[in-house]
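**Q** pasting the sequence and the predicted model now:
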Amino acid sequence: MSLVLRQVSKAWGGVRVLDHVSIEVSVSDITGLIGPNGAGKTTLFGAICGTVPIDQGTVSFASQQLDGLDPSRRARRGLLRSFQVPRPFSNLSVRANLAVAACDQVGESLARVFFRPTGVRQREAAIAAQAERVIDTLNLRAVADRNASQLSGGQLKLLEFGRLLMADPKLLLLDEPFAGVNPVLAEEIAGCIRLLNASGIGFFIIEHDLRALSRLASTLFAMDRGAIIASGVPADVLSNQQLRAAYVGGA
Amino acid sequence: MLSYLVALAIITGIYALLTISLDLQYGFTGLVNFGQVGFFAVGSYASALFTLSGWPVALGFVAAIVAAALSALPIGLLALRLREEYLAIITLGYSEAVRLVMINETWLTNGSQGITGVARPFQALGAEGADLAYLGLVVACNVAVIVLIRRIVTSPFGRLIQAIRDNEAAAIALGKYPPAAKVKVLAIGAGIAGLAGALYGHYIGYVSPDQFMPLVTFYIWMAMILGGIGSLPGSLAGAVVLVLILEGTRFIRDVLPGVAAVQMASVRLMSVGLLLVLFVLYRPQGVFGSLARR
C-alpha cells in the first residue's frame, strides 16, 4: 500500500510552488522529505491532505484517487498530518484531546447520545482504554488530567502525536517533529516512530535536522523550488551536489 | 411587591434561556451569533400566530421551537462553510431581516402595531396565581433546557464541538467534519431561543417588532460575558446580573438629581456599558470563570 503523487503542480499567483511532483511513499517505510525553507515541503503536505487545492496532477492512496475528497475524508482514510506548530484543543484535558481524535465515534451522533446511550457508553469505554495506552506510550501520565493549555512545548508535540495515533492512521505525515524539541525528547519521539513503524504505520516526515532524519528514514526525497531534485537512500541524497547548492543558496 | 419580584423572575428566566442558548453556540462551539434576537422573535411570532389561529398554547410552544430551529438551517448552510466573521454578519443581518418582515408583512404580522391578545395561560388561577404558575413554567423550561444541554456538552458530541471551538483546522485534520456539528448547534440554540420567545409572548400577551431590536442580542451577549463564557451556572448568574442592572438602573434617578425621564434610557445603557468594561478589565472570566472545567 502506498501514497502516489503523479505530476502534481500548484502555483500561487505566478509562483510555481509545486512543479510536477511525482513521488511514491510506501506505508511500510519511514520516508523523509528535506529541502531549504520555501522549497514547498509543507505545501506538498497540504496537497496530499487536501487543504491545498492542486492545479494539476493526481494524488492517490491505497490505489484510490483522492482528488475531490475534502481534508476530513482523506484523514478518515488513514492519511493524517501534524503541524509545524502544534494545534492543541487548549481548553480540553489531555485525555479529552486524545479521545476526540478516535475514529468511529458513535457518540458524535446526537440521536445515539439520546436514544442509544448503551452503544455510546461501550464505544467511549473502548476509546478511554485506547487513550490510556497512548498516554503510557508517550509518557503523558503526569499531565493526563491537565488542560492542554498548561502543557510545555515538548508535551504539546507529544500530545499532537498521540492524537494522530488515536485516529487509526495508516500513513502519518509529520511536519518537523523534532523542531524545538530537546535532544532527550527527540530521541524518545524517534523511538516511538520506529516502534510504530514496526507495527505497520508508515511515516512521511519533513525535517531540517538531517542527521536525525537520515538515521530514521530508509528513503529521502529532496525538494527545491517546488520540484523533487533527488531521491533515494539517505547517504546518496545527502551527498547530492544540487541539494548542497540549494541549502547553501549558491548554484 | 411580590408580583413585581415574580415578574422580574419570569423575565430573568427568559433571559437565562437566551443566554444558555448563546453559550451553547459561542461558549461551547465558538459560533459568533449576533442575531439571537431574530430567533427569539421568530419563536414569539410563531407561537402567537398559531395560538391565535386556534392551536392550544402547548402546541404553540412546539411550533415556536420548530420554527426558530428551521429558520437557523439556511443560515447555517450558508455561513458555516465560511470563516466565523461571516456568521456574525449573516446572523446580524438575519435578525434585522426578521424584524423588517414583521414590520412590512402586515397581512401576517399586523405590521408595527404588533399582535395583541396573545393567549395568557393559567388565567383561571387569578392574576397572582397565574403569574406564579407561569414562573413555575419558566423555571421548568430552564431546568429541562439545562438538563438537555448538560447531556449534550458532556457527550462525545460535546467534546467534538469544544474541539472545533479550540482549533477547527486540527479537528478537520483528524477527520472531523465541523459544518455538520455547527449546523446542529445553531439549530438547537435557535430552538431554545424560540422557546424563550414563546414564553415571552404568552407572558406579555402582545408581540411587536420594537420588542426585538438588535440591542436585545447584545444584552444576551453581555449576560453571557458577565456570567462566564462556557459555563452553564455562569449563564444563569449572568441573566440574573443583567436583569438586576436593567431594573436597578431605574432607581438611579432617585439618587442622581437633574436627570430627566427621557435621559434615563441613555443613563441605563451607559451604566450597563461601564459595568461591562469593568468586568472585562477586572474579572474577564466572568462570575463563574470562563471555560471552567465542567
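**A** Now that the structure is in, tell me what you want to look at.
**Q** point out where chain A drops to low pLDDT.
**A** Low-confidence segments of chain A, defined by pLDDT under 70: A:249-251.
**Q** spatially, which residue comes closest to A:Pro177, not counting chain neighbours?
**A** The spatial neighbour of A:Pro177 that comes closest, neighbours along the chain excluded (CB to CB, 6 or more residues apart in numbering or on different chains), is A:Ile189 at 5.7 Å. C-beta: built from backbone N, CA, C; applies to glycine.
**Q** just the strands in the chain please.
**A** The chain I'm using is chain A. Using DSSP state E, the strands of chain A run over A:2-12, A:15-26, A:30-34, A:56-61, A:64-65, A:79-81, A:171-175, A:202-206, A:219-224, A:227-232.
**Q** ah, no, chain B please
**A** B:115-116, B:206-207.
**Q** among these, which is nearest chain A?
**A** Comparison of those against chain A by CB to the nearest CB identifies strand B:206-207 as nearest, at 30.7 Å.
**Q** contacts for the closest one, please.
**A** By CB atoms under 8 Å, 6 or more residues apart in numbering or on different chains, the residues outside strand B:206-207 that reach it are B:Ala41, B:Ser44, B:Tyr45, B:Ala48, B:Gly114, B:Ile115, B:Thr116, B:Gly117, B:Val118, B:Tyr200, B:Gly201.
**Q** and with 7 Å instead?
**A** Residues outside strand B:206-207 that contact it (CB atoms under 7 Å, 6 or more residues apart in numbering or on different chains): B:Ser44, B:Tyr45, B:Ala48, B:Gly114, B:Ile115, B:Thr116, B:Val118, B:Gly201.
**Q** ChimeraX command for the buried members of those?
**A** Applying 16 or more other CB atoms under 10 Å in any protein chain shown to the contacts of strand B:206-207, the buried members can be selected in ChimeraX as follows:
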select /B:44,45,48,114,115,118,201
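**Q** can you pull the contacts of residue 128?
**A** Defaulting to chain A. Neighbours of A:Ala128 in contact, by CB under 7 Å, 6+ apart: A:Ala99.
**Q** wait, chain B was what I had in mind.
**A** Contacts for B:Glu128 were tallied using CB under 7 Å, 6+ apart; they are B:Ser3.
**Q** one step back: reformat the strands of chain A as JSON lines; add distance to chain B and mean neighbour count.
**A** Listed next are these as JSON lines, based on distance: least, CB to the nearest CB, whole Å; neighbours: other CB atoms under 10 Å in any protein chain shown:
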{"stretch": "strand A:2-12", "distance to chain B": "16", "mean neighbour count": "17"}
{"stretch": "strand A:15-26", "distance to chain B": "18", "mean neighbour count": "18"}
{"stretch": "strand A:30-34", "distance to chain B": "18", "mean neighbour count": "25"}
{"stretch": "strand A:56-61", "distance to chain B": "14", "mean neighbour count": "17"}
{"stretch": "strand A:64-65", "distance to chain B": "16", "mean neighbour count": "10"}
{"stretch": "strand A:79-81", "distance to chain B": "6", "mean neighbour count": "26"}
{"stretch": "strand A:171-175", "distance to chain B": "10", "mean neighbour count": "24"}
{"stretch": "strand A:202-206", "distance to chain B": "14", "mean neighbour count": "24"}
{"stretch": "strand A:219-224", "distance to chain B": "22", "mean neighbour count": "24"}
{"stretch": "strand A:227-232", "distance to chain B": "24", "mean neighbour count": "18"}
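**Q** same list (the ones you listed) but as JSON lines, adding distance to B:Ser155.
**A** As requested, the strands of chain A are exported to JSON lines (distance: least, CB to CB, whole Å):
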{"stretch": "strand A:2-12", "distance to B:Ser155": "35"}
{"stretch": "strand A:15-26", "distance to B:Ser155": "37"}
{"stretch": "strand A:30-34", "distance to B:Ser155": "38"}
{"stretch": "strand A:56-61", "distance to B:Ser155": "32"}
{"stretch": "strand A:64-65", "distance to B:Ser155": "33"}
{"stretch": "strand A:79-81", "distance to B:Ser155": "24"}
{"stretch": "strand A:171-175", "distance to B:Ser155": "28"}
{"stretch": "strand A:202-206", "distance to B:Ser155": "33"}
{"stretch": "strand A:219-224", "distance to B:Ser155": "43"}
{"stretch": "strand A:227-232", "distance to B:Ser155": "46"}
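**Q** of all those strands, which one is nearest B:Ala180?
**A** Of all those, strand A:79-81 sits nearest to B:Ala180, with 19.7 Å by CB to CB.
**Q** summarise which helices and strands the closest one is packed against.
**A** Counting by 3 or more CB pairs under 7 Å, 6 or more residues apart in numbering or on different chains; DSSP states H and E, the packing neighbours recorded for strand A:79-81 are helix A:41-49, strand A:171-175.
**Q** which one, of these, ends up nearest to B:Tyr282?
**A** Nearest to B:Tyr282, of those and by CB to CB, is strand A:171-175 at 40.7 Å.
**Q** got the angle between that closest one and strand A:15-26?
**A** 140 degrees (axes from the mean of the first three to the mean of the last three CA atoms, to 10 degrees).
**Q** which strands and helices sit next to strand A:171-175?
**A** Using 3+ CB pairs under 7 Å, 6+ apart, strand A:171-175 is in contact with helix A:41-49, strand A:79-81, strand A:202-206.
**Q** what's next to that strand, contact-wise?
**A** With contact meaning CB under 7 Å, 6+ apart, strand A:171-175 is reached by A:3, A:25, A:27, A:42, A:45, A:48-49, A:78-84, A:164, A:201-206.
**Q** circling back: so who does the residue nearest to A:Pro177 touch?
**A** A:Phe161, A:Pro177, A:Phe178, A:Val181.
**Q** quick one: which of the residues you listed is most hemmed in?
**A** The most crowded member of the contacts of A:Ile189, judged by other CB atoms under 10 Å in any protein chain shown, is A:Pro177 (26 neighbours).
**Q** sorry, back to before: from the contacts of A:Ile189, which is closest to B:Ala237?
**A** The closest of the contacts of A:Ile189, once distances to B:Ala237 are taken by CB to CB, is A:Phe161, at 39.7 Å.
**Q** contact partners for the closest one?
**A** A:Ser82, A:Leu138, A:Ile189 are the contacts of A:Phe161 under CB under 7 Å, 6+ apart.
**Q** count of residues packed around the residue of the stretch 1-150 of chain B found nearest chain A?
**A** Proximity of the stretch 1-150 of chain B to chain A (CB to the nearest CB) peaks at B:Leu148, 8.9 Å away. Neighbour count of B:Leu148, defined by other CB under 10 Å: 15.
**Q** how close does the closest residue to A:Ala62 other than its chain neighbours sit to A:Pro169?
**A** Nearest residue to A:Ala62, sequence neighbours excluded (CB to CB, 6+ apart): A:Met1, at 4.8 Å. Noted for A:Met1: a distance of 12 Å to A:Pro169, by CB to CB, to the nearest Å.
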